[in-house]
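A.B. asks: following is a predicted model, sequence given first.
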Amino acid sequence: MTSEATASVPAALARLERRGLVVGAVFLLALAAGLALDRAQFLRSYLFAIVFWLGIAVGCVGLAMLNQLTGGLWGIVPRRLHEAAGRTIPFVGIGFVPVLLGIGSLYAWAAPEAAADAVIQSKAVYLNVPFFVARAGLYFVVWTALAFVLSRWSLRQDQETDVARAERLQGLSGVGLVVLALTTTFAAWDWGMSLAPHWFSTMYGVLYIVGWTLSALAFTIVVMALLSREPPFDKALAPITFQDLGKLLLTFTMLWAYVNFSQFLIVWSGNLSSETPFYVRRFHGGWGVIAVVLLIFHFAFPFVLLLSRPLKRSGRALAAVALLMLAMRLVDHFWLVGPDLIGREALAVPLRVHWMDVAAVLGLGGLWLSLFAWQARRRPVLPVAEPALRERLAAPAEAR
């Protein structure tokens, strides 16, 4: 049973690799044409899309480390897929170069006219191009190191079980989660919040941490459902695994609502002219409609659905909710950074979705999914040395 599970690679991963590459190539070619037509819009769309897909990869590393600390089949079964997603981070880092080359077009604090802005100049020690580039490089180095060390040590456990290595994995995961939270917070400040350099929120980094984890969870559920009928996942997956993933999805859905409401409540009660423009821009000019959509379809509707135990135990039904959540994560990301990308810090920013926004999401997304599938196919797709998983694989079908 163990050798079968180790050798078997789902054909769906090969299909995902091929189709993702084709979709990515087509839309990236369209995006390249957009670069020739409108460089500024290309950079805005590119930043929006690459941060979204990077969030899934980094979130998967966080889930892998969380499972190393807590255990449970919810994270053991998709562990190798989480690690494969993490190993795409250096490729995303290479893809981040256009953002670094276009800092002056994307960020008001990097534009020449920022020299006359007293508020921006007061933050110049932190908001300057060389330091911005160095920090971005540091984030990718740290995330890549965490992903690859975690993946390497975890794989060695399959080849030779070692109690000391298992303890080191737990130690790495404990420290790694703290480092991941800190670097994600600073990356959120750099890439998102500094689009509006006059505004600041201590909750902003938490929005990214929760959002990236939620995106990774939704992505995990969709991939698990996609692979659930192919060996070895047809034997490894059971309704209880989907139920546990569904509970986590419900938990982070509520946490997302709590964090967003907390930030809104703090800004509303403070009523400071330096803070309220964030919501003024996002409640007018069509953006208010998106806020209502997020309230209903990112929180209320999934919350009600995920209370259902039968739904959480059905891989197909839970995957449908997770797909909705992934779509809403994209909408939420657009609502969070879109007004600042489109209109800098203007109070009246009309809602506008450019065709390059769609091309960037599909192009970079197709390429990232292809890279993810390629990484997943290079190694055994299940950590078969885990006792709980061996027990699941050896159990009769009716007992799973």
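C.D. replies: Everything's here; your move. Everything numeric in this text was worked out from a predicted model, so none of it was measured.
A.B. asks: with adjacent residues omitted, what lies nearest to residue 14?
C.D. replies: Computed as Cβ to Cβ, 6 or more residues apart in numbering, the closest residue to residue 14 that is not its neighbour in sequence is residue 377, at 6.6 Å. Where you see a C-beta, it was placed from the backbone N, CA and C, and this is true even at glycine.
A.B. asks: neighbours of that neighbour, how many?
C.D. replies: Neighbourhood size, residue 377 [other Cβ atoms under 10 Å]: 15.
A.B. asks: hang on, residue 214 packs against residue 249?
C.D. replies: Yes: taking contacts as Cβ atoms under 8 Å, residue 214 lies within contact range of residue 249: 7.5 Å.
A.B. asks: joint contacts of these two?
C.D. replies: Common contacts of residue 214 and residue 249 (Cβ atoms under 8 Å, 6 or more residues apart in numbering): residue 325.
A.B. asks: so between these two, which is more surrounded?
C.D. replies: Using other Cβ under 10 Å as the criterion, residue 214 and residue 249 rank with residue 214 on top: 27 against 23.
A.B. asks: so who does the more buried one touch?
C.D. replies: Residues in contact with residue 214 (Cβ under 8 Å, 6+ apart) are 59, 249, 252-253, 256, 325, 329.
A.B. asks: just those: which are in helices?
C.D. replies: Of the positions in the contacts of residue 214, 59, 249, 252-253, 256, 325, 329 sit in helices, assigned by DSSP state H.
A.B. asks: what distance do you get for residue 392 to residue 41?
C.D. replies: Here residue 392 is placed at a distance of 50 Å from residue 41 (Cβ to Cβ, to the nearest Å).
A.B. asks: go on, residue 338?
C.D. replies: Counting by Cβ to Cβ - residue 338 and residue 41 are separated by 12 Å.
A.B. asks: compare the two (neighbour count), which wins?
C.D. replies: Counting neighbours by other Cβ under 10 Å for residue 338 and for residue 41 shows that residue 338 has the greater number, 23 against 19.
A.B. asks: mind checking pLDDT for residue 153?
C.D. replies: The model reports residue 153 with a pLDDT of 94.
A.B. asks: same question, residue 157
C.D. replies: For residue 157, the predicted pLDDT is 85.
A.B. asks: after the helix or strand in which it is found, which helix or strand is next?
C.D. replies: Applying DSSP states H and E as the criterion places residue 157 in helix 129-159. Under the assignment DSSP H and E, the closest C-terminal helix or strand after helix 129-159 is helix 163-191.
A.B. asks: how far out from the middle of the chain is stretch 164-176?
C.D. replies: Centroid separation between stretch 164-176 and its chain, computed with Cα atoms, centre = their mean, to the nearest Å, is 23 Å.
A.B. asks: show me where pLDDT drops low in the stretch 1-150 of the chain?
C.D. replies: Of all residues in the stretch 1-150 of the chain, those with pLDDT under 70 make up the ranges 1-7.
A.B. asks: same thing but at 90, please
C.D. replies: Residues of the stretch 1-150 of the chain that meet the criterion pLDDT under 90 lie in 1-9, 112-116.
A.B. asks: just give me how far the helix or strand harbouring residue 219 sits from the chain centre.
C.D. replies: Per DSSP H and E, residue 219 falls inside helix 204-227. In terms of Cα atoms, centre = their mean, the centre of helix 204-227 is set 6 Å apart from its chain centre.
A.B. asks: and that helix, C-alpha only, in CSV?
C.D. replies: C-alpha atoms of helix 204-227 as CSV (Å, rounded to 0.1, in the frame of the first residue of the first chain):
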residue,chain,number,x,y,z
TYR,A,204,-3.5,46.1,7.5
GLY,A,205,-0.9,43.4,7.8
VAL,A,206,-3.4,41.2,9.7
LEU,A,207,-5.8,41.5,6.7
TYR,A,208,-3.1,40.0,4.5
ILE,A,209,-2.2,37.2,6.9
VAL,A,210,-5.8,36.1,7.3
GLY,A,211,-6.6,36.7,3.6
TRP,A,212,-3.6,34.7,2.3
THR,A,213,-4.4,31.8,4.7
LEU,A,214,-8.0,31.8,3.6
SER,A,215,-6.9,31.8,-0.1
ALA,A,216,-4.6,28.9,0.6
LEU,A,217,-7.3,26.9,2.4
ALA,A,218,-9.8,27.5,-0.4
PHE,A,219,-7.2,26.4,-3.0
THR,A,220,-6.4,23.3,-0.9
ILE,A,221,-10.0,22.2,-0.8
VAL,A,222,-10.5,22.7,-4.6
VAL,A,223,-7.3,20.7,-5.4
MET,A,224,-8.3,18.0,-2.9
ALA,A,225,-11.7,17.6,-4.5
LEU,A,226,-10.1,17.6,-8.0
LEU,A,227,-7.8,14.7,-7.0
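A.B. asks: right, I'll call it a day here.
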